[in-house]
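Kindly return the folded structure for what I paste below:
(one chain, ligands or ions: 1)
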Amino acid sequence: MRIGSVALAGNLTLAPMAAYTSWPFRRICRRFGAALATTEVVKARDLVRRIPATLHILDYQPDEHPIAGQIMSADPAEAAEAAAILNELGFDLVDLNCGCPKRRILTDGMGGALSESPEHTERIVAAMVARSKVPVTVKIRAGRYRGKVTAVELARRAAGAGAVAVCVHPRFAEGAATLPPDWTIIAQVKRAVSVPVIGNGGIHTALDVRRMFSETGCDGVAIAQAAVGKPWIFMQAEGLLRTGELPPVPPQETLRAILLEHYAGLTALHGERRGTIMMRKQSCHYAKALVNGKKFNLAVTKISSTADFLRAVEEYLGPAATPAS
Ligand SMILES: Cc1cc2nc3c(=O)[nH]c(=O)nc-3n(C[C@H](O)[C@H](O)[C@H](O)COP(=O)(O)O)c2cc1C
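Okay, here's the model as predicted:
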């Protein structure tokens, strides 16, 4: 898949997830075949003020290119300035979040609130494109309010303003969080624009990835929650699409090595204490695929140091290795 001037090695991407898609997890997913990953969303306002915590969220590693940085904003000038800063920070793509459903974000006119106003979104995208040397993309919802689909209009206007790809998560920002995504909206957007359309939402297995391609005609598929605790879903989906056969889950030794790498990354990024606490949340997802996973996860809920983590790995998952840096 090609996104503007950026050629990707495949057509599967890791969708952004706040509190999950920091570089330790992104790198693991990239190695399993995600052709592109996006940072967690940051507010353009905070980026323009260069708030250290915001810059920290945008940390990435040299081997992560191509990488997309995601912002949210309700203001064209501010979004444009933030896009310029993402360029300065070395991002290969700049993505505008038009989907965040959090109440405070909607009240501020950002994220999913943009779906309500395609004309305003068009102005924001145009301003970003004018200030960005790298391609600008958008990630949109079906619409803001349940039943009021604006995705097609939004995608048309964003592409008209210079966005070079549209990622569509076809749920509404308000009032329908529990409903399944409506993939027919991805197909409608695909028919309406000539830029690549990346479908997203409701992928649980590699088989769903194949189904989304065939049912919607999308150019790429973005996976979010299904990659958490099973980043090998990218390898499985890629193998399934290429050969028609579903590759097996990697062996326990590989899973253990991934856990150790993920942990080492989180502690490098956040320090031992916070990284360890963050790993608790990750371990319960990995546990589902692990032999002894339940016992391992129970042990990890109580850990607070690297020594505790390595002990739990050694006790339940076999000999502990030194975490990779
Ligand atoms: C914990 C969590 C955090 C998320 N954070 C972001 C974000 O920062 N930016 C964004 O565009 N979408 C975010 N999303 C939405 C996902 O990218 C994706 O659109 C959604 O989860 C549907 O895809 P899935 O069914 O594969 O999970 C988040 C979703 C979750 C569950």
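
Residue numbers of the stretch 101-250 of the chain in contact with the ligand?
Residues of the stretch 101-250 of the chain found near the ligand (CB under 6 Å from any ligand atom) are 139, 169, 200, 201, 202, 203, 223, 224, 225, 226. Where C-beta positions appear, they are placed from N, C-alpha and C, glycine not excepted.

my read: the fifth one touches residue 185, true?
No: applying CB atoms under 8 Å as the test, residue 202 and residue 185 come out as separate, 11.7 Å apart.

Neighbour count: those two, which is higher?
Using other CB atoms under 10 Å as the criterion, residue 202 and residue 185 rank with residue 185 on top: 24 against 17.

and that one, helix, strand or coil?
Under the three-state scheme (DSSP: H, G, I helix; E, B strand; the rest coil), residue 185 adopts helix.

ditto for the one 10 residues further on
Going by three-state DSSP, the secondary structure assigned to residue 195 is coil.

need the contact list for it.
By CB atoms under 8 Å, 6 or more residues apart in numbering, the residues touching residue 195 are 159, 163, 164, 165, 166.

mind listing what's buried in stretch 126-143?
Going by neighbour count (16 or more other CB atoms under 10 Å), the buried part of stretch 126-143 is 126-129, 131-132, 134-143.

Apologies, that question was intended for stretch 286-293.
Neighbour-count burial for stretch 286-293, counted by 16+ other CB under 10 Å, picks out 286, 287, 290, 293.

per-domain residue ranges of this protein.
2-243, 252-317 (automatic domain parsing).

Among these, show the one with the smallest mean pLDDT.
Of all the domains of the chain, mean pLDDT reaches its minimum on domain 252-317 (a mean of 93).

Okay, now that domain: how far is its last residue from its first?
By CA to CA, to the nearest Å, the extent of domain 252-317 from end to end equals 8 Å.

And the ligand, is it touching that?
No: with CB under 6 Å from any ligand atom as the criterion, the ligand is not reached by domain 252-317; the gap is at least 10.0 Å.

Quick one: residues contacting residue 149.
142, 143, 185, 188 are the contacts of residue 149 under CB under 8 Å, 6+ apart.

quick revisit: now, the residues of the stretch 101-250 of the chain next to the ligand that are in helices?
Using DSSP state H, no member of those falls in helices.

Using PyMOL, define a selection of the buried residues within those residues.
Of these, the buried ones can be selected in PyMOL as follows, counting by 16+ other CB under 10 Å:
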select buried, resi 139+169+200+201+202+203+223+224+226
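
which residues does residue 312 contact?
296, 299, 300, 303.

isn't the last one right up against residue 309?
Yep, that's residue 303 we're talking about. Yes: if you go by CB under 8 Å, residue 303 and residue 309 touch, sitting 5.3 Å apart.

What's the local residue count around residue 111?
Neighbour number of residue 111 under other CB under 10 Å is 26.

Report the separation between it and residue 43.
10 Å (CB to CB, to the nearest Å).

Over to residue 225?
Counting by CB to CB - residue 225 and residue 43 are separated by 23 Å.

Residue 136 now?
Distance, residue 136 to residue 43, using CB to CB: 17 Å.

Could you do residue 302 as well?
Computed as CB to CB, the residue 302 to residue 43 distance reads 35 Å.

Likewise for residue 170?
25 Å.

Pick out whichever of the two has more residues nearby.
residue 170 (25 against 21).

And the helices in the chain, which stretches?
23-31, 44-48, 52-57, 76-88, 103-107, 118-131, 151-160, 183-192, 206-216, 233-243, 252-270, 272-287, 293-300, 306-317.

now, among the contacts of residue 312, which is nearest to residue 49?
residue 303 (35.6 Å; CB to CB).

Let me know how buried residue 52 is, in neighbour terms.
Burial measure for residue 52: 9 neighbouring residues, criterion other CB under 10 Å.

mind listing what residue 279 touches?
Contacts of residue 279 by CB under 8 Å, 6+ apart are 262, 263, 266, 267, 300, 303, 309.

rewinding a little: identify the contacts common to residue 111 and residue 43.
Common neighbours of residue 111 and residue 43 (CB under 8 Å, 6+ apart) are residue 72.

Surely residue 145 and residue 175 touch.
Yes: judged on CB under 8 Å, residue 145 makes contact with residue 175 at a distance of 6.3 Å.

what separates the residue lying closest to residue 170 once chain neighbours are set aside from the ligand, distance-wise?
Spatial nearest neighbour of residue 170, excluding adjacent residues (CB to CB, 6 or more residues apart in numbering): residue 185 at 3.8 Å. Going from residue 185 to the ligand by CB to the nearest ligand atom, to the nearest Å gives 13 Å.

ok, now which ones touch residue 185?
142, 149, 151, 152, 168, 170.

one more time with 6 Å, if that's ok
Residue 185 makes contact with 142, 151, 170, according to CB atoms under 6 Å, 6 or more residues apart in numbering.

Kindly indicate which of these lies nearest residue 14.
Closest approach between the contacts of residue 185 and residue 14, by CB to CB: residue 170, at 18.6 Å.
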